[in-house]
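Participant: Sequence and predicted structure, then a few things I'm wondering about:
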Amino acid sequence: VGLNLIGASHLVLYDIDWNPANDIQAMARVWRDGQKKTVHIYRLLTAGTIEERIFQRQVSKQGLSGTVVDLGKGAEHTSFSTNELQDLFSLSDTPCLTHDLLTCGCSTNGSVSDVVV
């Protein structure tokens, strides 16, 4: 038994889960059949943090999961390589590592100075 929040129209995800299915389930609680309002889902990320890296892993897992399902195979990538673990905790000069990964169509390059607050 789950809690459906069809009366809600805004969801803010501020704590990233290692398992993308948990975030997808949270989004599905708001975006259900019977929802009459436009649903707005916000994900709060800070560029260059471990949360951004975890989000990137979620995107990768979702892509991998889609590929596995499309091929009809049940195997799933469940562990990190040594290089992936080192990369997870490394610092980067790139303003926003996720911007290019998501092929964002905005006019900025993901730089913090480009964001209007």
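Facilitator: Everything's here; your move.

Participant: Verify the assumption that residue 42 is located in a helix.
Facilitator: No. Under DSSP: H, G, I helix; E, B strand; the rest coil, residue 42 falls outside any helix and is assigned strand.

Participant: Now do the same contact list for it.
Facilitator: Counting by CB atoms under 8 Å, 6 or more residues apart in numbering, residue 42 touches 10-13. All C-beta spots, glycine's among them, are computed from the backbone N, C-alpha and C.

Participant: which residues does it bridge with?
Facilitator: Beta-bridge partners of residue 42, counted by DSSP bridges, are residue 12.

Participant: Tell me the spacing between it and residue 11.
Facilitator: Counting by CB to CB, to the nearest Å, the gap from residue 42 to residue 11 is 7 Å.

Participant: would you list every one of the strands in this structure?
Facilitator: Using DSSP state E, the strands of the chain run over 10-13, 40-43.

Participant: Switch these over to JSON lines; also include mean pLDDT and distance to residue 55.
Facilitator: Output for these, formatted as JSON lines (pLDDT from 0 to 100; distance: least, CB to CB, whole Å):
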{"stretch": "strand 10-13", "mean pLDDT": "89", "distance to residue 55": "10"}
{"stretch": "strand 40-43", "mean pLDDT": "89", "distance to residue 55": "7"}
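
Participant: Reformat those strands as TSV; add distance to residue 54.
Facilitator: Shown next, in TSV, are the strands of the chain (distance: least, CB to CB, whole Å):
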stretch	distance to residue 54
strand 10-13	12
strand 40-43	11
